[in-house]
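Visitor: Prediction below, plus the sequence it came from.
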Amino acid sequence: MNDFDINDETAVDLGQASVETKGQAVFDIDLGGGPRLYAIGIAAD
Amino acid sequence: MARTLWLADSLMSLFHRPDLAWCELGGTLIFLDIARDRYFCLADACNRKAFHELEQAGLDRVQQPACWPKPADWTPPIRTSVAIGNGSFRLPDIARAIWIQRRTERRLTSTSFAATLTDLRCLLDAVDRRTSKSGRTAAQSIRAFEHARLLRTAADRCLPRSIALALCLASDGKRTNLVIGVKLAPFGAHCWVQSGGEVLNDSVEEVLRYQPILII
C-alpha cells in the first residue's frame, strides 16, 4: 500500500494541534454587570 | 486512471495510520494527527474520494485510532457542572490550579502533544486503581479552576487548562474525560473536560458548537 503523501495538492493544513486547540475567546465586557465569557485576568506571567 | 488507483490505495494507508483521528463536519473530513501535532483536511477531490473509500472499507466517519480508543462510558455533553458557579474562594486550591496549568503549558512546549496526552491517559487509567488522599472534593477543584480565570485569563488556553483540570481531578481520585472538538467556517478547535454528560470547565452551549474528534 502506498503511503498517503500529505502535500499542498492533497491536503489543507489547519494548524498545529497544541496551538490551535484554544477555543474561541470572546472578551464580552458587559458594562451592565452581566457575565463575561472570558475575564482578562489580572496577573501577568 | 493510474492516479485515481494510487490515490485510493494511498488514502487507505492514511486511514490506517496509528495516530490519526478524524470526524466529518458538513461533508468535510477533519483529521487530527496526534503524533505530528497537526490538524488537516483533504483537498476537494481527495475528500470526495475519501468518503467513498471509508464506505468501501466499512470505516466510520468519526473514528479514533485503535491505540487511542474512545472511552466506553463517554456520553455527549448534556449539562454544565453546577460546581463551576458554586463554592467558596479557596486560595490554596486556586494557586494549585494555576501552578498545574503552567506546568502543563511548559510540558506541551518542551515535549510533545502526543507525549502529554499519553501521560494524561496513563494517569486517568490509573485513577480507578488508587484512592485520593487529598481530601479535596472534585467540586472544589472545578471551582478553583473557575476562580483561577480571574487571576490568569483562560482565553486561548483551553488545552492546558483542560489537561491540568483532568490531572487535578485524577489526583483527587476522579476519572474524567478530556474531549478535543473541532468546527468549521472558520476552523476552530476546543478542549474541555467531562464527567459523564457533565461539562466541568465550560458551558454545554459552547462545547456543543464543536464536534468531538478525540476523547480520552
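Guide: Looks like it came in fine.
Visitor: Adjacent strands (with direction) for the helix or strand containing residue B:213?
Guide: Assessed by DSSP states H and E, residue B:213 sits inside strand B:211-215. Note on strand B:211-215: by DSSP bridges, its sheet partners are strand B:177-183 (antiparallel).
Visitor: got any ranges where chain B has weak pLDDT?
Guide: For chain B, applying pLDDT under 70 flags the ranges B:1-9, B:128-135.
Visitor: which helix is the longest one in it?
Guide: In chain B, taking DSSP state H as the definition, the longest helix is helix B:91-110.
Visitor: Following it in sequence, what is the next regular element?
Guide: Following helix B:91-110 in sequence, per DSSP H and E, is helix B:113-127.
Visitor: in that following helix, what counts as buried?
Guide: Going by neighbour count (16 or more other C-beta atoms under 10 Å in any protein chain shown), the buried part of helix B:113-127 is B:113-114, B:116-118, B:120-121, B:124, B:127. C-beta here means a position set from N, CA and C on the backbone, and glycine is covered the same way.
Visitor: And stretch B:99-118, by the same measure?
Guide: For stretch B:99-118, the neighbour count (16+ other C-beta under 10 Å) marks B:100-101, B:104-105, B:107-108, B:112-114, B:116-118 as buried.
Visitor: Going by neighbour count, which residues in the strand holding residue B:213 are buried?
Guide: Residues of strand B:211-215 classed as buried: B:212-215 (neighbour count, 16+ other C-beta under 10 Å).
Visitor: which of these sit farthest apart?
Guide: Greatest spatial distance among those (C-beta to C-beta): B:213 and B:215, at 8.4 Å.
Visitor: overlap in contacts of the two?
Guide: Here residue B:213 and residue B:215 have residue B:180 as joint contacts, going by C-beta atoms under 8 Å, 6 or more residues apart in numbering or on different chains.
Visitor: Spatially, and excluding backbone neighbours, which residue is closest to residue B:46.
Guide: Using C-beta to C-beta, 6 or more residues apart in numbering or on different chains and skipping the chain neighbours, the partner closest in space to residue B:46 is residue A:10 (5.0 Å).
Visitor: Run a quick neighbour tally on the one you found.
Guide: The tally of other residues near residue A:10 (other C-beta atoms under 10 Å in any protein chain shown) stands at 19.
Visitor: looking at it, it is touching residue B:40, isn't it?
Guide: No - applying C-beta atoms under 8 Å, one finds residue A:10 not in contact with residue B:40, separated by 9.5 Å.
Visitor: out of the buried residues of strand B:211-215, who's nearest residue B:25?
Guide: Nearest to residue B:25 among the buried residues of strand B:211-215: residue B:213, at 9.2 Å, using C-beta to C-beta.
Visitor: thinking the closest one is in contact with residue B:32, fair?
Guide: Yes - taking contacts as C-beta under 8 Å, residue B:213 lies within contact range of residue B:32: 5.1 Å.
Visitor: Please identify every residue contacting each of those two.
Guide: Residues touching both residue B:213 and residue B:32 (C-beta under 8 Å, 6+ apart) are B:21-22, B:180, B:182.
Visitor: Relative to chain A, which of the residues you listed is nearest.
Guide: For those, the minimum distance to chain A (C-beta to the nearest C-beta) is 6.0 Å, reached by residue B:180.
Visitor: ok, for the closest one, nearest residue in space, not its chain neighbours?
Guide: Among residues not flanking residue B:180 along the chain, residue B:214 sits closest, at 4.4 Å (C-beta to C-beta, 6+ apart).
Visitor: can you pull the contacts of the one you found?
Guide: By C-beta under 8 Å, 6+ apart, the contact list for residue B:214 reads B:21, B:32, B:34, B:64, B:68, B:179-180.
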